[in-house]
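1. fold the following.
(2 chains)
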Amino acid sequence: DTGVSQNPRHKITKRGQNVTFRCDPISEHNRLYWYRQTLGQGPEFLTYFQNEAQLEKSRLLSDRFSAERPKGSFSTLEIQRTEQGDSAMYLCASSLGGELYEQYFGPGTRLTVT
Amino acid sequence: RKEVEQDPGPFNVPEGATVAFNCTYSNSASQSFFWYRQDCRKEPKLLMSVYSSGNEDGRFTAQLNRASQYISLLIRDSKLSDSATYLCVVTLRGNQFYFGTGTSLTVIP
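-> Residues are numbered from 1 along each chain as shown, chains lettered A, B, ... in the order given. Down below sits the predicted model:
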């Protein structure tokens, strides 16, 4: 399978715990995006990387959230001190370049904070 | 104010019908426009880009009106397999992609 993969697919955690998600983009894609989607809403942009550089972060991304893409390949999204409001589907997407290029989405990681 | 507004629907139409969705965007500096499709419990997938002159892909036609800041999607001869949520997407500064809430379509036999 050469598509975007995300792990884990589901995560249940207790409030206050830290969680980390991983995204493996399509190998030749240099752009990688993170989104959050809640029921009945479209994906909300969180952040994106051009290779290993994190170039933009949404104001939605509080200081409890951090993302990395250390070697310009896979990326991780960590949420510290999780809150119930963090419960959502976290989607990763990758593309060959900028806005004119199609984004390919992974299946997402569904986070439930109890 | 949200960057992108869509009528969430739901739209329930019979097979063979023509259905149209509209989407408005708030920032006149928005640069690129797309329609994505999202099936239930699946990830979004690109349906089509939207070009200034309008564009067609089979039964699907997309239009852009920059003066009024809206884009539209027309689906002709609806199929059962068209049932999905259709997401309007605009980009700003080429970096941030803003998705609408999506419009739900159910095509009824």
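
2. next one: phi and psi at the residue positioned nearest the centre of chain A?
-> Chain A has A:Trp34 as the residue nearest its centroid, 3.3 Å off, counting by C-alpha atoms, centre = their mean. Per-residue torsions, A:Trp34: phi -120, psi 140 (degrees, to the nearest 10).

3. lowest-confidence helix or strand of chain B?
-> strand B:96-99 (a mean of 88; mean pLDDT, DSSP states H and E).

4. can I get the CA coordinates of it in PDB?
-> Output in PDB follows, covering the C-alpha atoms of strand B:96-99 (Å, rounded to 0.1, in the frame of the first residue of the first chain):
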ATOM      1  CA  GLN B  96      -3.600  27.000   4.500                       C
ATOM      2  CA  PHE B  97      -6.500  24.900   3.300                       C
ATOM      3  CA  TYR B  98      -9.900  25.800   4.700                       C
ATOM      4  CA  PHE B  99     -12.600  23.200   4.500                       C
END
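
5. is any residue of it near chain A?
-> Yes. Judged by C-beta under 8 Å from any C-beta of the partner chain, strand B:96-99 and chain A are in contact via B:Gln96, B:Phe97, B:Tyr98, B:Phe99. To be clear about C-beta, it is placed using only N, CA and C from the backbone, and glycine gets the same treatment.

6. next to chain B, which bits of chain A? Give me the list.
-> That would be A:33, A:35, A:40-45, A:48, A:55-56, A:58, A:91, A:98-100, A:102-103, A:105-108, which are the residues of chain A within reach of chain B (C-beta under 8 Å from any C-beta).

7. among the residues you listed, which lie within strands?
-> Among the residues of chain A next to chain B, the members found in strands (DSSP state E) are A:Tyr33, A:Tyr35, A:Glu44, A:Phe45, A:Tyr48, A:Leu55, A:Glu56, A:Leu91, A:Phe105.

8. which among those residues gets closest to chain B?
-> Of all those, A:Phe105 has the smallest distance to chain B: 3.7 Å, by C-beta to the nearest C-beta.

9. model confidence for the residue nearest to A:Lys57 when sequence neighbours are not counted, exactly?
-> In this structure, A:Lys57 finds its nearest non-sequential neighbour in A:Thr47, 4.6 Å apart by C-beta to C-beta, 6 or more residues apart in numbering or on different chains. You'll see A:Thr47 listed with a pLDDT of 94.
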